[in-house]
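Engineer: Here's a sequence, model it:
(6 chains)
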Protein chains: 6
Amino acid sequence: MDLEHVERCLVFAAHPDDETLGPGGTIARLSKQGTKVTVVIFSLEDRGFSGAKLEENVLELRKKEARQVAGILGVHENIFLEKLPEGDIAICDECIRLIRKYRPQIIFSHFHEQKSKDHRKVSEIADEACCKASENVLPDLGKPWQTSYLYYYELTNLFTNPSDIVDITGTIQSKIKAVKSQTSQFALLPGITEYLLSLAKVRGYLIEAEYGEAFLLSSLIPCKH
Amino acid sequence: MDLEHVERCLVFAAHPDDETLGPGGTIARLSKQGTKVTVVIFSLEDRGFSGAKLEENVLELRKKEARQVAGILGVHENIFLEKLPEGDIAICDECIRLIRKYRPQIIFSHFHEQKSKDHRKVSEIADEACCKASENVLPDLGKPWQTSYLYYYELTNLFTNPSDIVDITGTIQSKIKAVKSQTSQFALLPGITEYLLSLAKVRGYLIEAEYGEAFLLSSLIPCKH
Amino acid sequence: MDLEHVERCLVFAAHPDDETLGPGGTIARLSKQGTKVTVVIFSLEDRGFSGAKLEENVLELRKKEARQVAGILGVHENIFLEKLPEGDIAICDECIRLIRKYRPQIIFSHFHEQKSKDHRKVSEIADEACCKASENVLPDLGKPWQTSYLYYYELTNLFTNPSDIVDITGTIQSKIKAVKSQTSQFALLPGITEYLLSLAKVRGYLIEAEYGEAFLLSSLIPCKH
Amino acid sequence: MDLEHVERCLVFAAHPDDETLGPGGTIARLSKQGTKVTVVIFSLEDRGFSGAKLEENVLELRKKEARQVAGILGVHENIFLEKLPEGDIAICDECIRLIRKYRPQIIFSHFHEQKSKDHRKVSEIADEACCKASENVLPDLGKPWQTSYLYYYELTNLFTNPSDIVDITGTIQSKIKAVKSQTSQFALLPGITEYLLSLAKVRGYLIEAEYGEAFLLSSLIPCKH
Amino acid sequence: MDLEHVERCLVFAAHPDDETLGPGGTIARLSKQGTKVTVVIFSLEDRGFSGAKLEENVLELRKKEARQVAGILGVHENIFLEKLPEGDIAICDECIRLIRKYRPQIIFSHFHEQKSKDHRKVSEIADEACCKASENVLPDLGKPWQTSYLYYYELTNLFTNPSDIVDITGTIQSKIKAVKSQTSQFALLPGITEYLLSLAKVRGYLIEAEYGEAFLLSSLIPCKH
Amino acid sequence: MDLEHVERCLVFAAHPDDETLGPGGTIARLSKQGTKVTVVIFSLEDRGFSGAKLEENVLELRKKEARQVAGILGVHENIFLEKLPEGDIAICDECIRLIRKYRPQIIFSHFHEQKSKDHRKVSEIADEACCKASENVLPDLGKPWQTSYLYYYELTNLFTNPSDIVDITGTIQSKIKAVKSQTSQFALLPGITEYLLSLAKVRGYLIEAEYGEAFLLSSLIPCKH
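Structural biologist: Residues are numbered from 1 along each chain as shown, chains lettered A, B, ... in the order given. The predicted model follows:
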């Protein structure tokens, strides 16, 4: 991954804060250099609310917060996958369509070894969509597009051997600001900003940078040379 | 692991700072409550020196530093395994002898999924010694002793799913002080105290404590109930 | 796991005999010492019948047998999860509700490396419920509760390295009696009592007890110290 | 697996060309020696079409091609699992029924470490059906039958250590002919015949044969001796 | 593995009782039907003695016991690999020489996921020898020979999914008799005969036989068809 | 890995033909574009001879052949690690010294999941050297150097999911010519050129190239961005 030359990047997130908690600093760094970053938010069975009152308008609230985050991190576009009637295949098709439309060089997605079932599910759908998007099938979903790099980001289940560390010293403040703007999540994630700052230091240490974000390269799509 | 009732604890460390970098806060906490902690340092092919001059007396220097650390963390006894002439079996025998002599309820050891070959090797020897020590064999090495819990600690290759987190909020300062006292390692590990503080925050987050240390329980020795 | 101090224990079972075949002896031992044991039976697509006639009333029959078993093992309460209309999420929610209601220190569940798809599915749902129950989410399902230990029990896919063996010498007879009381399963599992007695001997051997049951500690929920 | 004595063989294929691309040469060899080979084609959400026009009659077209392939490879019977209304359990039941009806000594199925979700799903269903078919349950689906060997075949995700290589020197031409007869797939799989010839050479090399096919023996069903 | 047609079989054992504890019943069954079974005993650093007095003549004593066992199980020949001066390569060469000399259709060896380091080491050497023996190299060690099946046997680390179960109902008594004849091991392995009988019942259950032994097929050497 | 910008590349090979059989086409492609390729040949216990006569001068002969290969593939320098007296540590030190001297952006090495013990050993030593070379230790072995990419190449144990495929359509002929020039290996590897051509086609298929070579990116050294 040569970050400097990435023109288009797609991020898959199960909930409308995973894109910040995971690759938020990298998104901000890419955006600053001119990469067009699109975030696809699944909102699969969104149940991340902590108070009964919040429930009824949690989706609207989180969409609003996601838009604030987009402003802070420099996300070009947020796409919300509303609950689709036909099940997983329809969601996967929609992801294929988006990959073919946005033609990203890099995709950031959830890792499959995650405690959260939602995250694992998004990980699986994104893997499948990423492969299928590059094959000469399903022409009604657009022209085949092969993403060069599929990366997994980390949240609380840390990688033992990350394959890549991105220096986010220049954008850690944006990441923290973005997290702080998602006020609906505060009760759920006490201490999250401290956690993220510390994790960024832990990851930066591996590359002698002040702050870093860790990724794991998928080998689902072999890279062409 | 019910930390309160641990009377005797053994720590295996490849080099004379791993016991601090890994389970240092836990050692200090155990020691404070009265647990007798013994640290066994392998010094296997000690090559952790950064300057040519240091080389000739690096072993002596690091022993001295290990003794300082012992004072800070409350380690009861440091044991240095000098290079033994007969190879791995002699080292393993010595470890069996020590386990049977000190009869620990808990052993802390290196994890085998480590980049460093020294760490992997200590991990393997400790595993073997831990098992053999409990069997009715090798009577010249002492009476059989079954350790109740064998835990692996982490350094830079982090556990994706740690099985245990120890709250070290009360002893993080001792850990950091101990690290800072090992001045011979400064050139090798720039930024190590920041790293350790951040990692302790990252691990504490999982149990809602300020600072924590993560461990992975081995299932080599099944726990009796 | 310090069995003596367990006040409340929850057991997840795919079918109404798995709680006996798996951790039956441990349940009886816990119950004898005063632990309140609750068994949650999924009855997911119950198809464990061997004769056409049995089919129509197999669910009723097995419930009746489960109640007999409860009497023999000292199970405090049996909970049957009737087929719920809304699919997996509803079942998972119900499990979260039960965990938060019964607040167990220990959960026994199926292991995910099982040939039977039903067992794998229960394993996955229980894992998810166990994690989610401890998070500050879904307030309508009760107050967050963190289970200290999640253990997997074994049936016919044996653990290569069990992390815990429970001595069931004092309750093996209850386990066998409980199995024998489930007469509807005899045609399906010829030789099952011999099998269970032998397996208990095999597992007891590892801790020098006459009879034992083997478990594997999950590291999904890190244990706090 | 003693190929000479196999009387009945079942092949599970997600799409109506997988039986050719995977074990096609072995099918032809078995058929030549008198083994009755039955191919079960799932057509799960068949989406393997490359042009919009093709879509409407793709299923009919592929059935026709499957029948041509059957003639070339000597497949005794093709079974198409139409989309069943009740979901996975109904499909699995149908597979159990087929295994009990055809009583194969050998089953060839997809491997679960496959990029394609369809292939993974067929792999999982076939595993489950294979186990359940041998148990004394579900009498309305036929008499229990234990398949002696369950083998996985490879497509593009190659086995690092195949357990078995079948010499297909005598039938590689039939395999290639069969592939060429599935004209609807040409646009999707450019260069597929070259690929298959080369892979057969690569696999033959391991047993000093001109052409081979690689398989991995499943240990789901322990083989009786 | 078609047991009936095996003419020659080789068994690798780290210590002179592993061949009994592991595949003893299978050896006896093979021997009864006329298969020539050769047992290669490594005696790598033999330390399996429980009393100081025993130590000096433990090797002689165990050789004597191994010969008794050979008589009971029908082992054709026992080969003791004396400690060789040149290290692992010399031992591996000797194993290659033996494989090429005895030309077994089946090899039984230790499994590599074993707590005991000796067992793991024998497993590794046997794997290597088995592969190299079949290659067109090292002509001074004999003519290349490819063993058809390499199987691992189990001791106390049980297979979760054994690939093969051998019915040893007819020879379990010989196995137990053989174990009982190794009197020097009694102090080390209290309750071993009960353990073995129970494990044999547990394994027999999987194939509806009274007693069984479990094996895992290696895929190191692909089987030719 | 951006092949175009690689100035220096190091290849580790257990025997003096592995660099050809594995990444030979990639070496030739790199060399053609101006990359300086250095090949380090271990000749660990070289036993790859098939006839008794050959044995005495096999090392000399293979060195000569390695030099021919170097000419064909455009290798800049061949380094032979003669058997070193002090064992593995000395070999690893020598590798660290070479990495620090040649400062490669890319290292190609053996994969650890290989049947051949020699290959696994070289893989382990190269991993260790690669990590240690980048640390601020062992100053007498040169200045620290961090290799950007460590790749494993494949021989006969194929990758299920290769992370990278290099198009070697322009250099496959050089690879084949290089293999053919190593006449001493012909008896050992009958059909090797056919095998390599076919494997290159199989791997090229994944990237729609005529010929390819597959690699697996190591995550031992996280890539900095």
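Engineer: what's downstream of the helix ranked longest in chain A, the next helix or strand?
Structural biologist: If each helix of chain A is counted by residues according to DSSP state H, the longest one is helix A:117-134. Following helix A:117-134 in sequence order, the next helix or strand is strand A:149-153 (DSSP states H and E).
Engineer: Pull out the buried positions in that next one.
Structural biologist: A:Tyr149, A:Leu150, A:Tyr151, A:Tyr152, A:Tyr153 (16 or more other C-beta atoms under 10 Å in any protein chain shown). From N, CA and C alone the C-beta is placed, and that goes for glycine too.
Engineer: what packs against the helix or strand bottoming out on mean pLDDT in chain A?
Structural biologist: Counting by mean pLDDT, DSSP states H and E, chain A has its least confident helix or strand at helix A:58-73, which shows a mean of 86. Applying 3 or more C-beta pairs under 8 Å, 6 or more residues apart in numbering or on different chains; DSSP states H and E, one finds that helix A:58-73 contacts helix A:18-21, helix A:24-32, strand A:36-41, strand A:77-80, helix A:172-181.
Engineer: repeat that for 7 Å
Structural biologist: helix A:24-32, strand A:77-80, helix A:172-181 (3 or more C-beta pairs under 7 Å, 6 or more residues apart in numbering or on different chains; DSSP states H and E).
Engineer: Run through who's touching that helix.
Structural biologist: A:16, A:20, A:24, A:27-28, A:31, A:41, A:43, A:46, A:49, A:78, A:80, A:174, A:177-178, A:181-182, A:184 (C-beta atoms under 7 Å, 6 or more residues apart in numbering or on different chains).
Engineer: about what we covered before: most neighbours per residue, which of the helices and strands packed on helix A:58-73?
Structural biologist: Stretch with highest mean neighbour count among the helices and strands packed on helix A:58-73: helix A:24-32 (a mean of 25; mean count of other C-beta atoms under 10 Å in any protein chain shown).
Engineer: ok, and does that helix reach over to chain B?
Structural biologist: No - on the criterion C-beta under 7 Å from any C-beta of the partner chain, helix A:24-32 is out of touch with chain B, staying 14.9 Å away.
Engineer: Show residues contacting stretch A:146-153.
Structural biologist: Contacts for stretch A:146-153 (C-beta under 7 Å, 6+ apart): A:1, A:22-23, A:99, A:104-111, A:130, A:134, A:164, A:215-218, A:220-221, A:223.
Engineer: for stretch A:192-211, same thing?
Structural biologist: Under C-beta under 7 Å, 6+ apart, the answer for stretch A:192-211 is A:21, A:25, A:165, A:167-169, A:172, A:175-176, A:179-180, A:212-214, B:156, B:191, B:194-195, B:198-199, B:201-202, B:205, F:222, F:224.
Engineer: Same question for stretch A:3-18.
Structural biologist: So stretch A:3-18 is contacted by A:19, A:23, A:27, A:30, A:33, A:35-44, A:46, A:48, A:62-63, A:65-66, A:99, A:102-110, A:118-119, A:122, A:126, A:155, A:182, A:185, F:225 (C-beta under 7 Å, 6+ apart).
Engineer: ok, now stretch A:170-184?
Structural biologist: Counting by C-beta under 7 Å, 6+ apart, A:17, A:20-21, A:24-25, A:28-29, A:32, A:54, A:61-62, A:65, A:68-69, A:72-73, A:168, A:192-193, A:196-197, A:200, A:211 sit against stretch A:170-184.
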